[in-house]
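Peer 1: Fold the following, please.
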Amino acid sequence: MSKILKVFMKRRSDTPEEREALRNKIIGLGERSLRKSYYPQMQEKIDELEESRQKALENEKNFRTIFENAGDGILIVSPSTRIIILANNTFCRMLGYTADQLASTKIDRLHPQDEIDWIINQFNRLLSGEITIARSIPLIKKDGGLIYADITCSHISFQGMNSVIGSFRDVTGILASEKEKAEIQAKVQHSQKMEALGTLAGGISHDFNNILAAIIGLTETSLLKMDDKDPHRETFSRIFAASLRARDIIRQLLSISRQNETQFRPIDPVELLNEYLNLLKSTTPSTIEIKLSIKPGKYTISGDQAQIHQVLINLCSNAVHSMKENGGLLTISLRDIEIDDIAAKAHPGLNSGHYLLFEVSDTGEGIKPEILGRIFEPFFTTKKPGEGTGFGLSIVHGIIRNHGGAVAVYSEPGNGTTFRIFLPLIEHAGTAEKNRKEAIPSGSGNVLLVDDEEIIADVTSQILQHLGYNVYPFTESSKALELFRKDPSLFDIIITDMTMPGLTGVELAEKAAEMNPAIPVILCTGYNEGIASGRASLPNIKEVVIKPVTAAALAKKISGILKNP
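Peer 2: Numbering: from 1, shown residues only. Modelled structure (predicted):
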């Protein structure tokens, strides 16, 4: 009997109950003969128990292998205390802890405390079967960083206790990718919306330009006929100045849709900024400090100096306005930056290459997230009536886009705003050109003038006659062509509107060139779409001007062409 018990004790049974039952059988066998008959049964039972034990060990080993090598993080947690019983290697790596550090830790500590009530509610819904997965649950890493995980869980029995096993799949990278994709899509949609608004602006601008051309022309004609002592001269001068301001606004409208005739020249942005800084300092309250930061280097961009100046004015005036109540710091900086293919995708319209980065930062009240996406829309403003039209940033957007660049804005309520302007840098050996004021040149010669707006044809004719030219004005291009056909050598230059019924300005220039290839043409338009193709195919079109054009500007164009045919 003692040997049998020793063998039995060496071979562990699955449960204490089975072991006790077998022991009682052995002890109660009675006579030797009876005990002999039970030996085979006892050995069979012991073998069964050993087999069960081996299977249990194998299952535990398999569980450990799967648990530790799973691609997702796995936790076993007490449902009553929410204390971690066991964490696998993947979960430890996800948060930067060791298994020992996580053991006996309450899982609540691994989540942001301001969201813990919502997170516990999600867990309860999972365990009740209300939901099958809790998405984007935040977890705090050991270094303080945040990750997000999709979580599934269920009840299990572990080490004889009721437990919960949860699987954590890290989706931080996926969320970041989706966010980046959404941001790019939003920027593309914004760009498309600006294109649509620009098309609308272009159509409106065309009509306004014709109206302004008449006002400016009539005002200039009157001023040319007045002497300096005329009592009405001051009034007409103010009308003329106001008309020019209106013309500039229309040209800014056209810059939104890239439909204005931009005068691109090499520009030194450092020189331009230094010139503007003097004006800015004289008009900025003393409570606002201005800091200029320019990385040493030689920078040249290709652009319209007046438009880039307008960008400076709009961005800096907005920054000053945001700090007018409490003062602050306005920082303007220039430096070069290399844009790679990845960075270019974040800014629709940019290609990889070398850019000038121009930043305007303020320490003002910042921009609320709900309106940040609308700030480039024309007429959208948060300013009080009389403080702004909501036009400035849409103009900035249009100008920079027209110059092959991009605009980005970063802002947080209470932490100020930074506008970043990207403009392509060019190599230019010479010095950037400066605007020069010149006197209105007079001249002589025969001018064929064509404009389907009678008042514009009449006013322009009067101005040119005053400057010394013989003018043949027409409101119908077909009749003008008839006169030209009679004597093609009579005329020294043709000035024609582009958009006219019957025979367009480009078609008139083409037919005139067939009879006199040397005849130069100035093409006038209030709407720039399609000019590039017409200008490129007709060498006799020497200039394209956007209406309304002043007498001085038109006179300079004519004089330059006739002196240098």
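Peer 1: surely Thr504 meets Leu481?
Peer 2: No. Counting by Cβ atoms under 8 Å, Thr504 stays clear of Leu481, with 11.6 Å between them. (C-beta placed from N, C-alpha, C; glycine too.)
Peer 1: Between those two, tell me which one has more neighbours.
Peer 2: Neighbours of Thr504 and Leu481, each counted by other Cβ atoms under 10 Å, are more numerous for Leu481; the result is 21 against 18.
Peer 1: you'd agree the more buried one is in a helix?
Peer 2: Yes. Checked against DSSP: H, G, I helix; E, B strand; the rest coil, Leu481 lies within a helix.
Peer 1: hang on, it packs against Leu503?
Peer 2: Yes. Using Cβ under 8 Å, Leu481 makes contact with Leu503 at a distance of 6.6 Å.
Peer 1: okay, and the common contacts of these two?
Peer 2: By Cβ atoms under 8 Å, 6 or more residues apart in numbering, Leu481 and Leu503 have these common neighbours: Lys511.
Peer 1: Apart from its chain neighbours, what residue comes closest to Phe264?
Peer 2: Counting by Cβ to Cβ, 6 or more residues apart in numbering, Ser302 is the residue found nearest to Phe264 once chain neighbours are left out, at 5.2 Å.
Peer 1: Could you verify my assumption that the one you found touches Ile267?
Peer 2: Yes. Using Cβ under 8 Å, Ser302 makes contact with Ile267 at a distance of 7.2 Å.
Peer 1: If you average the pLDDT over stretch 475-483, what comes out?
Peer 2: Averaging pLDDT along stretch 475-483 gives 93.
Peer 1: Any buried residues in it, and which?
Peer 2: Thr475, Ser477, Ala480, Leu481 (16 or more other Cβ atoms under 10 Å).
Peer 1: Run through the stretch 101-250 of the chain and note the low-pLDDT ranges.
Peer 2: 179-206, 245, 248-250 (pLDDT under 70).
Peer 1: That one: strands as residue ranges?
Peer 2: With strands called from DSSP state E, counting those that start in this stretch, the stretch 101-250 of the chain shows them at 134-140, 146-158, 161-170.
Peer 1: and of these, who's closest to Gly73?
Peer 2: strand 161-170 (3.8 Å; Cβ to Cβ).
Peer 1: Tell me the buried residues in that closest one?
Peer 2: So strand 161-170, judged by 16+ other Cβ under 10 Å, has buried residues Ser163, Val164, Ile165, Gly166, Ser167, Phe168, Arg169, Asp170.
Peer 1: quick one: that strand to strand 134-140, angle?
Peer 2: With axes from the mean of the first three to the mean of the last three Cα atoms, to 10 degrees applied, the angle from strand 161-170 to strand 134-140 works out at 90 degrees.
Peer 1: Now do strand 161-170 against strand 146-158: the angle between them, please.
Peer 2: Relative orientation of strand 161-170 and strand 146-158, computed by the same axes, to 10 degrees: 150 degrees.
Peer 1: who touches strand 161-170?
Peer 2: With Cβ under 8 Å, 6+ apart as the test, strand 161-170 has contacts from 70, 72-79, 85, 91, 94, 127, 137, 139, 147-158.
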